[in-house]
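**Student:** Generate coordinates for the sequence data below:
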Amino acid sequence: MATRQELFKLLDQRFSGARAKELATKITRYGRSPGSSGYLAATNLAADEMRAAGFDFFETVDFPVRDAWEVTEASLDVVSPEQVRLIDLDTAGMCVCSWSDSTAPEGEVLDVVDVGTGETPAHFEGKDVKGKVVFIRGTLRRPGFWEAQKLAIQAGARGMITDYMLYQTPGVRTPELVPNAVQLLRLQVRNKPVWAFSIPHTSSLKLQELLANGPVKVKAHAACKTYAGTGRNVVATIKGTDLAHEELLFCAHTSGTKPGGNCAAGVGLVVELGRTLMSLIREGLVPRPRRSLRFLLVIEGAGTNKYLDDNRGRVKDIVATFTYCSAGNDQQKTKSALCLFRSPDSVGSYINDYLIELMQASPKDAQWVEKDGGLEMSLISFIDLFYTPWSDNTRFGAEKLPAPLFMSWPDRYFHSQLLSADVVDPNVIRRCALVGGVAALELGSAGAEGAARIASTVSARSMERIARTASDYAGAGRNGAKAASHIAYIVNRDVAAIRSVERLAQGEADLRCELETIQKGLEEVAGRAAGQEPACCCDGSECCGEYDSIIPKRAIEGRAGRWEGLSYQDLLSIGRELEAADKNSGFGALRVIADEAWNFVNGKRSVADIAQAVGFEFDLDIPAHAIYRLFEGLERSGGLKFERI
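**Tutor:** Numbers count the residues shown, from 1 in each chain. Have a look, this model is predicted:
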């Protein structure tokens with residue numbers, strides 16, 4: 001096997017960011033709602049590219065999509081007290097919320113009723129909205145629109161207009177900073193006689209001004225259809241040698257909005273990466289890997305579930321997954337960084353430390369000022385961050401598979417019509433792909449020697465984490481018992497990561513003694529740093545005793561509905577409880593907290609254990625009672641049951 005730097009050089013010579021962007025650009029021409037005609041057209045474009053690359057195996061797998069949806073014409077105008085165009089389909093392909101009903105062919109002229117944020121029944125009290133249009137004002141709470149649309153439908157509204165902007169980031173992404181952005185939104189309640197339009201901030205301000213001065217009528221026109229569509233998974237395989245039954249999986253999704261350059265860039269990356277690796281292997285420039293490399297294009301979520309269900313017997317043989325959701329954003333235009341969102345701690349894998357090492361070793365772009373020749377500086381921001389359940393990585397993580405996600409964030413134009421091909425940067429795609437490509441070749445052929453080297457990498461980085469954590473607690477004068485518990489958590493997680501390399505050795509050599517030596521050294525460092533045994537870590541603000549004796553146990557297999565069994569008001573209340581415990585938490589953190597809390601449920605950990613683990617993973621103080629309330633919803637919905645010991 002070539003050295004790591006030689007592999008980087010080979011890949012860099014062959015991988016074409018321009019070709020990846022070219023495919024992404026073609027895909028952005030289509031509205032790609034799951035199962036729709038535009039989605040199939042885009043998927044077939046990518047499939048043709050894959051087929052032409054000459055993979056060892058290539059197949060497409062079709063499956064039904066019950067509620068495929070698309071819109072072909074749309075416009076929204078104020079017609080009284082004056083004529084104002086608020087939005088139309090030519091301006092923004094996502095201006096009609098997915099799964100909206102059509103209007104009458106000639107359009108519909110209706111009164112507009114302002115219901116504020118529409119998140120509670122009180123917002124609708126005393127307002128006649130039956131057969132009318134409600135104006136729903138956006139909030140920072142992503143599920144707020146879901147609740148508002150539910151209440152609007154219950155109240156008999158015919159239409160909705162909203163100015164929601166999801167995932168706002170101060171200084172980067174706010175309605176004021178991106179006033180023309182139209183947010184992709186979806187109706188959660190489907191097959192109802194109701195339509196909804198998403199409008200930009202500029203139109204919202206005008207509508208608010210008119211509503212403040214008297215009655216307003218709008219004319220809405222939308223030609224939509226919901227029908228039985230087709231999903232199509234595209235699977236291309238580079239077959240391994242002696243360990244061909246094992247696989248590394250590279251995943252992107254062809255579903256998305258129009259133009260959706262962020263999602264499309266991931267497809268371009270995966271197709272071009274697969275083509276590059278296949279050509280290098282075919283020409284004998286790199287050896288065929290021992291494990292198979294599989295490249296998967298899916299409907300985000302549904303297609304991944306289909307792949308996992310169809311290959312249930314092989315899931316245990318997936319060594320690692322790599323998801324590319326938005327891996328090519330122009331960093332200046334979108335105000336973003338390329339992020340490795342780590343595989344969740346609940347999985348216990350070496351993959352995070354290994355990929356971070358590759359990120360740091362990947363080719364750079366500019367030379368140091370004090371040195372002639374060589375490239376030592378990166379002009380692309382590439383960082384690692386906490387696990388984030390954005391995309392298909394969520395599905396893989398729920399299967400206990402290593403599940404890193406490559407994605408650009410923050411994204412000034414996230415899921416808006418401004419994410420055109422013009423904001424896709426082939427250099428960012430290239431940088432991301434080089435890391436995945438070297439990982440494919442190294443992990444694809446790793447044995448005992450490679451496993452031991454990765455274990456040493458995890459150990460070294462773990463020691464850094466332990467030292468940094470000890471310093472953080474000492475500097476802040478925080479609870480010493482909590483510091484010891486936090487360090488114990490790091491050690492337990494990192495020992496699991498070190499042990500996870502054993503499957504790479506495949507019995508070539510007995511690594512147990514070597515790994516036990518590494519583990520012992522790590523525990524000694526941790527013992528010195530902690531200075532005391534872990535104890536109650538509640539800083540005196542809460543007693544976890546009650547929740548130490550409550551063990552949640554799964555009643556279903558796979559992934560649970562994140563907030564099943566909970567009302568929106570329940571979520572608001574839990575969000576307030578989280579914020580009271582930690583100002584950096586709150587409603588905005590509910591999604592990732594709930595997701596990873598479920599992942600940690602193994603029938604042995606208590607509610608208090610899980611609250612502590614999730615808190616340490618995301619650097620948040622999380623009260624056990626909040627986790628218990630999340631689990632109560634899952635208990636009501638049949639997802640889990642409690643055992644009290």
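
**Student:** Is residue 71 in a helix, a strand, or coil?
**Tutor:** strand (DSSP: H, G, I helix; E, B strand; the rest coil).

**Student:** Would you mind naming the residues that bridge with it?
**Tutor:** Assessed by DSSP bridges, residue 71 has beta-bridge partners residue 224.

**Student:** Which parts of the stretch 401-550 of the chain are helices?
**Tutor:** 426-445, 448-476, 480-499, 502-505, 512-530, 545-548 (DSSP state H, counting those that start in this stretch).

**Student:** Distance check, the residue lying closest to residue 258 once chain neighbours are set aside against residue 31.
**Tutor:** Spatial nearest neighbour of residue 258, excluding adjacent residues (C-beta to C-beta, 6 or more residues apart in numbering): residue 93 at 3.4 Å. For the C-beta atoms, the positions are set from N, CA and C on the backbone; glycine is no exception. With distances taken as C-beta to C-beta, to the nearest Å, residue 93 is found 5 Å from residue 31.

**Student:** tell me, what's touching the two both at once?
**Tutor:** 257-258 (C-beta atoms under 8 Å, 6 or more residues apart in numbering).

**Student:** just to revisit the earlier point, could I get the helices of the stretch 401-550 of the chain as CSV with distance to residue 407 and mean neighbour count?
**Tutor:** Formatted as CSV, the helices of the stretch 401-550 of the chain follow (distance: least, C-beta to C-beta, whole Å; neighbours: other C-beta atoms under 10 Å):
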stretch, distance to residue 407, mean neighbour count
helix 426-445, 9, 24
helix 448-476, 22, 17
helix 480-499, 22, 21
helix 502-505, 26, 19
helix 512-530, 31, 16
helix 545-548, 34, 16
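
**Student:** Could you export those helices to CSV, including columns for mean pLDDT and distance to residue 333?
**Tutor:** As requested, those are exported to CSV (pLDDT from 0 to 100; distance: least, C-beta to C-beta, whole Å):
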stretch, mean pLDDT, distance to residue 333
helix 426-445, 98, 11
helix 448-476, 90, 33
helix 480-499, 92, 36
helix 502-505, 92, 40
helix 512-530, 84, 43
helix 545-548, 90, 47
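
**Student:** Could I get the ones you listed in CSV, plus columns for distance to residue 190?
**Tutor:** Output for the helices of the stretch 401-550 of the chain, formatted as CSV (distance: least, C-beta to C-beta, whole Å):
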stretch, distance to residue 190
helix 426-445, 35
helix 448-476, 45
helix 480-499, 40
helix 502-505, 42
helix 512-530, 51
helix 545-548, 37
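
**Student:** Give the other helices and strands that the host helix or strand of residue 196 contacts.
**Tutor:** Using DSSP states H and E, the element containing residue 196 is strand 195-198. Helices and strands touching strand 195-198, by 3 or more C-beta pairs under 8 Å, 6 or more residues apart in numbering; DSSP states H and E, are strand 84-88, strand 159-162, strand 217-238.

**Student:** Name the residues of it that are buried.
**Tutor:** 195-198 (16 or more other C-beta atoms under 10 Å).

**Student:** Then stretch 41-56?
**Tutor:** 41-43, 45-47, 49-50, 53, 55-56.

**Student:** From residue 504, how far out is residue 457?
**Tutor:** 13 Å.

**Student:** How about residue 623?
**Tutor:** Where residue 504 is concerned, residue 623 sits at a distance of 39 Å (C-beta to C-beta).

**Student:** what about the closest residue to residue 74 other than its chain neighbours, how many neighbours?
**Tutor:** Sequence neighbours aside, residue 89 is the residue nearest to residue 74 in space, at 4.0 Å (criterion: C-beta to C-beta, 6+ apart). Neighbours of residue 89 under the rule other C-beta atoms under 10 Å: 21.

**Student:** I'd say residue 302 and residue 231 touch.
**Tutor:** Yes - between residue 302 and residue 231 there is a contact at 6.2 Å, judged by C-beta atoms under 8 Å.

**Student:** what sits up against stretch 518-526?
**Tutor:** So stretch 518-526 is contacted by 455-456, 459, 462-463, 466-467, 487-488, 490-491, 494-495, 498-499 (C-beta under 8 Å, 6+ apart).

**Student:** Ok, stretch 272-290 next?
**Tutor:** 1-2, 7, 10-11, 14-17, 19-20, 23, 49-50, 53-56, 236, 238-244, 246, 250, 293, 295, 429, 433, 436-437, 440-441, 444-447.

**Student:** List the buried residues of it.
**Tutor:** Residues of stretch 272-290 classed as buried: 272-278, 280-281, 286, 288-290 (neighbour count, 16+ other C-beta under 10 Å).

**Student:** In TSV, list these along with distance to residue 110 and pLDDT.
**Tutor:** Below are those laid out as TSV (distance: C-beta to C-beta, whole Å; pLDDT from 0 to 100):
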residue	distance to residue 110	pLDDT
272	48	98
273	50	98
274	50	98
275	52	98
276	54	98
277	55	98
278	56	98
280	60	98
281	61	98
286	63	97
288	64	98
289	60	98
290	64	97
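
**Student:** closest to residue 142 among those residues?
**Tutor:** residue 273 (31.6 Å; C-beta to C-beta).

**Student:** which one is the closest one nearest to, not counting chain neighbours?
**Tutor:** Distances taken as C-beta to C-beta, 6+ apart place residue 433 nearest to residue 273, at 4.8 Å, with adjacent residues excluded.

**Student:** List the residues that contact the residue of the chain most remote from its centre.
**Tutor:** Largest separation from the mean C-alpha position in the chain: residue 81, at 43.3 Å (C-alpha atoms, centre = their mean). Each residue near residue 81 by C-beta under 8 Å, 6+ apart is listed here: 210, 213-216.

**Student:** Count the neighbours of the residue nearest to residue 258 for me.
**Tutor:** Around residue 93 there are 22 residues (other C-beta under 10 Å).

**Student:** Could you tell me how far it is located from residue 22?
**Tutor:** 20 Å.
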